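*Asks:* Got a sequence here, can you build the structure:
(chains A and B)
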Amino acid sequence: MITLDGEKMLWQNGMTVSHLLQEIADAHQYAVIRVNGKYVSRPSFDTYVIPDDAEIYLIPMIAGG
Amino acid sequence: MKTFKLKDIKSLTYQRPEIEKGYANQTLCVDISDADISIKPVSAEMKQTFVGGKGFDLWLLWHAVSGKTQWTDPENAICMASGPMGGTPSYPGSGKSIVTSLSPLTGSVIDSNVGGYFGPYLKFSGFDALEIKGRTSREVVIYIDGIGKTVTIFEAEGLPEDAYETSSVLTRHFGNEKPRGISVVSTGPGAKHTLMGCLNVTWYDSKRKRARYKQAGRGGLGTVFAHKGIKAVVVRWDTVTMGANNPADMETMKTVAKSYSREIVELDPKQNEMAKIGTTHLVPIMNDFDLLPTHNFKFGQHKMAGLIGKDVYKDIFDPGFDGCWIGCTVACSHGVKDFVPLTGPYKGIKVFVDGPEYETIAGCGSNLGIFDPFTIIEINFYCDAYGLDTISVGTTMAFAMECFEMGLINESHTGGLNLHFGNRDAALELVHQMARGEGFGTVLGQGVLRMKKLFASEFGADAQILQDIGMESKGLEFSEYMTKESLAQQGGYGMALKGPQHDEAWLIFLDMVHNYMPTFEQKAEALHWFPMFRTWFGLCGLCKLPWNDIVPEDNKDTDEPAKVIKHMTWYAQYFGAVTGRKVVPEDLITISEAVYNFQRIFNLKMGFGTRAQDILPYRAVGPVTEEEYESRQERYDGQLLEKHGVQIEGKSTAEKVTALRKLREKQYEQLKDAVYERRGWTQNGIPTIETVKRLGIDFPDVLEILKENGVTM
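*Replies:* As a prediction, this is how the structure comes out:
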């Protein structure tokens, strides 16, 4: 199991961030997520493999500056 | 510590007005040339058109200076103000002050916002704004005692030279029984010896029992302050309550403040964690998207960026509540406890360092090729203590380092300093030289614009390459974001009123990452809307971070997520609840438009403010060198071929650099056309008569300036 924004979700072996975002509506709005405290950005979404028991937050990154 | 003396030169006792709907309804003017202290009324028209904060500052400064005034002239004023909502505890980000003056770097108006308690305490002491004019050969301290209802000018002797000690000493002196009631504005020796001096504005950290400070960094405000002979401005006030602004509708204000505060407490830990790590989260994110300036904005990414990001600083920051205003739940002003510098006057001594924030890490770290978090902390500490703007220092030093690596300057010019990127000792030595007004530090202290001229005229360097890689516009050094791949952000910097500072428009993510604005017209709309809304924060005494750095969970489901409409609605309610002016969210844009256009015309008054000044060094637009092009060849080749239909087969890198440059520079000019039209300006970048009439700023002297610049009905 993994936790996404506080909600439990099923984890699958080899699950990448891109795989995870396919399960989410409006996923295109997320360019950065936080996995176990580490940022993962869109350029790495296809290759970053999410570990089991991960705690994940979607970062609505529109601000900065 | 040596003793100091404060000798009373002039005092004025005044009747302190009750605050009404966010306003004291008067401003304080101190002319230090002849020690004159006076109080001016605030009219209903002034509030209606200029609102407060930066609006009041600009109005006061406009009347203080002529088009011929230089920053060194006594009539140049330093104006500081809060705003009608400034000083509300519990509403996140309600403690900002705005400082304006004529800038030593640009020659025109500069504005810089800053946290700390000064602006709110000034207002509660009876003044919506402070205007300081004149110049004196003796060092003075201006003391505004809101409890004792007295304004005093002191002649000062023996105060410490730097802002770190001065802040501490004056907090203890004036706030012996209640240091939390004191806020000190001061600068340091770097401001005296350079054109990029900053102002430090304090608040008292009761937990750590020390004065902390934030900086009004941009444009050399500290230099003006020091040149005038001002050692410090101190304000004293009492307890701040939710009723301190005497709002028109207390219940609504409380309700909105509570909702906003709660949302931040709930969502910040899920989003950017600013209450724990400040703005350091931006370092890895900018690096991932090729936006973190490294090596004088040559590249946007570096393999060692992880050494200076949030994961490192979260372990270095002293944990605790770090709000720079009372009750602000964003609480992003972190610091480093018991830091021991390796160089300079504090070598070997434990100090507390306020920061670093993202801009300092990028400017004085990655952009210098420095990936050592402790060197960045040391540069941060000394820049603040010396009264130097970390952004201008970083960008200026990066320019010098690249010139050194390119052989445009050498050790005979730098006083023997080896200025290769990554030379931490040299970077620190230059900061100390800037503060002492010695060596190559005096050259750096002039800023990039003047260094370009000097390197060409005195050192024989190629003027074109200096122009291309010297990261300034309008005389102000760039803040720390890469703009090569975001045309909208090129506009955000190039058309910013005061020069390339991101507080007007930060559109990189919306444009480059999310592709929310693919057309010129959409970019122009964003370059209208965002600068106007961000201006509004500076009119009201507010910090913009709570608006869109923490966003509602359902924001993505709204029609225009970039605007964070739920928060805009709260801000409109907050504005109405305090001032009694009933507004809807879009009114906030119109309110700001008047002040924004007035500032553009103020630039015109000072001899710039037309299309010719809205220019960028090519480094901000595209790859200057073959090395830059080849480092991202796939990207640039793809753009030439697919986006522009340019045949690249058989072309050398140099030819492709030239072809791309021609296209990108043309795009930027097309963007200017679209933005000027959207803002209601002529194609020369000047507000039209119709625009100034619509906004209610068609004052006779405004119309006269427009006429002098060829704009008539």
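*Asks:* If I look at the spatially closest residue to residue B:274 that is not a sequence neighbour, what pLDDT would I see?
*Replies:* If the residues on either side of it in the chain are set aside, residue B:274 comes closest to residue B:332, at 4.2 Å by C-beta to C-beta, 6 or more residues apart in numbering or on different chains. Backbone N, C-alpha and C define where each C-beta goes, glycine included. On the pLDDT scale, residue B:332 is placed at 95.
*Asks:* ok, now residue B:583?
*Replies:* 97.
*Asks:* which ones are touching the closest residue to it other than its chain neighbours?
*Replies:* Closest residue to residue B:583 apart from its sequence neighbours, by C-beta to C-beta, 6+ apart: residue B:572 at 5.0 Å. Neighbouring residues of residue B:572 by C-beta atoms under 8 Å, 6 or more residues apart in numbering or on different chains: B:583, B:584, B:585, B:587, B:588.
*Asks:* among these, which ones are buried?
*Replies:* B:585, B:588 (16 or more other C-beta atoms under 10 Å in any protein chain shown).
*Asks:* Columns secondary structure on top of the contacts of residue B:572, output as a markdown table?
*Replies:* Listed next are those as a markdown table, based on DSSP: H, G, I helix; E, B strand; the rest coil:
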| residue | secondary structure |
| --- | --- |
| B:583 | coil |
| B:584 | coil |
| B:585 | helix |
| B:587 | helix |
| B:588 | helix |
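*Asks:* need the contacts of residue B:572 in CSV with distance to residue B:535, can you?
*Replies:* Shown next, in CSV, are the contacts of residue B:572 (distance: C-beta to C-beta, whole Å):
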residue, distance to residue B:535
B:583, 15
B:584, 18
B:585, 15
B:587, 14
B:588, 9
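*Asks:* Tell me if the residue nearest to residue B:274 really is in a strand.
*Replies:* No: using three-state DSSP, the assignment for residue B:332 is coil, not a strand.
*Asks:* if I read this right, it contacts residue B:275, doesn't it?
*Replies:* Yes: Residue B:332 is within contact range of residue B:275, at 6.8 Å (criterion: C-beta atoms under 8 Å).
*Asks:* Okay, now the unreliable bits of chain A?
*Replies:* Counting by pLDDT under 70, chain A shows low-confidence ranges at A:61-65.
*Asks:* In the stretch 601-713 of chain B, what residue lies closest to chain A?
*Replies:* Per C-beta to the nearest C-beta, residue B:635 is where the stretch 601-713 of chain B lies closest to chain A, at 12.2 Å.
*Asks:* in which helix or strand would I find that residue?
*Replies:* Secondary structure from DSSP states H and E places residue B:635 in helix B:633-638.
*Asks:* try residue B:135
*Replies:* Using DSSP H and E, residue B:135 sits within no helix or strand.
*Asks:* mind listing what it touches?
*Replies:* Residue B:135 is in contact with B:32, B:33, B:74, B:227, B:228, B:229, counting by C-beta under 8 Å, 6+ apart.
*Asks:* Among these, which one sits closest to chain A?
*Replies:* residue B:227 (30.1 Å).
*Asks:* outside of stretch B:249-269, which residues touch it?
*Replies:* B:88, B:90-92, B:242-243, B:247, B:274-276, B:327, B:329-330, B:546, B:550-553, B:567, B:570, B:573-574, B:576-578, B:580.
*Asks:* again, 6 Å this time
*Replies:* Outside stretch B:249-269, the residues that touch it by C-beta atoms under 6 Å, 6 or more residues apart in numbering or on different chains are B:90, B:91, B:92, B:247, B:274, B:275, B:329, B:550, B:570, B:573, B:574, B:577.
*Asks:* so where do the helices sit in chain A?
*Replies:* A:17-21 (DSSP state H).
*Asks:* circling back: buried residues in the helix holding residue B:635?
*Replies:* B:636, B:637.
*Asks:* Are there helices or strands packed against it, and which ones?
*Replies:* Contact partners of helix B:633-638 among helices and strands, from 3 or more C-beta pairs under 6 Å, 6 or more residues apart in numbering or on different chains; DSSP states H and E: none.
*Asks:* Give the next helix or strand downstream of that helix.
*Replies:* helix B:653-679.
*Asks:* Would you mark the buried spots in that following helix?
*Replies:* For helix B:653-679, using 16+ other C-beta under 10 Å, the buried residues are B:653, B:656-657, B:659-661, B:664, B:667-668, B:671-672, B:674-676, B:678-679.
*Asks:* what do you get for stretch B:53-68?
*Replies:* So for stretch B:53-68, counting by 16+ other C-beta under 10 Å, buried means B:53, B:54, B:55, B:56, B:57, B:58, B:59, B:60, B:61, B:62, B:64, B:65.
*Asks:* ok so, going back, quick check: phi and psi on the residue nearest to residue B:274?
*Replies:* Note on residue B:332: backbone dihedrals following degrees, to the nearest 10 are phi -100, psi 10.
*Asks:* does residue B:347 count as helix, strand or coil?
*Replies:* From three-state DSSP, the assignment for residue B:347 is coil.
*Asks:* who's in contact with it?
*Replies:* residue B:341.
*Asks:* quick one: the helices in the stretch 101-250 of chain B?
*Replies:* Ranges of helices within the stretch 101-250 of chain B are B:118-124, B:163-174, B:189-193, B:221-228, B:250-267, based on DSSP state H, counting those that start in this stretch.
*Asks:* just checking, what packs against the first one?
*Replies:* Think helix B:118-124. Right, helix B:118-124 is packed against strand B:182-186, strand B:230-236 by 3+ C-beta pairs under 6 Å, 6+ apart.
*Asks:* okay, these, which one's buried deepest?
*Replies:* Counting by mean count of other C-beta atoms under 10 Å in any protein chain shown, strand B:182-186 has the highest mean neighbour count of these, with a mean of 30.
*Asks:* returning to that earlier point: tabulate the helices of the stretch 101-250 of chain B in a markdown table, adding columns for mean neighbour count and mean pLDDT.
*Replies:* Listed next are those as a markdown table, based on neighbours: other C-beta atoms under 10 Å in any protein chain shown; pLDDT from 0 to 100:
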| stretch | mean neighbour count | mean pLDDT |
| --- | --- | --- |
| helix B:118-124 | 29 | 98 |
| helix B:163-174 | 23 | 98 |
| helix B:189-193 | 26 | 98 |
| helix B:221-228 | 27 | 98 |
| helix B:250-267 | 17 | 96 |
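*Asks:* Dump those helices into TSV; add distance to residue B:696 as well.
*Replies:* Shown next, in TSV, are those (distance: least, C-beta to C-beta, whole Å):
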stretch	distance to residue B:696
helix B:118-124	24
helix B:163-174	40
helix B:189-193	37
helix B:221-228	29
helix B:250-267	27
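*Asks:* Out of those helices, which gets nearest to residue B:78?
*Replies:* Minimum separation from residue B:78 across the helices of the stretch 101-250 of chain B (C-beta to C-beta) falls at helix B:221-228, 5.6 Å.
*Asks:* what angle do the closest one and helix B:163-174 make?
*Replies:* Here helix B:221-228 runs at an angle of 70 degrees relative to helix B:163-174 (axes from the mean of the first three to the mean of the last three C-alpha atoms, to 10 degrees).
*Asks:* Which one of the residues in the stretch 351-500 of chain B is closest to chain A?
*Replies:* residue B:481 (7.2 Å).
*Asks:* quick one: contacts of stretch B:599-617?
*Replies:* Contacts of stretch B:599-617 (C-beta under 6 Å, 6+ apart): B:58, B:67, B:108-109, B:468, B:470-471, B:473-474, B:494-495, B:497, B:684-685, B:687, B:702, B:705, B:709.
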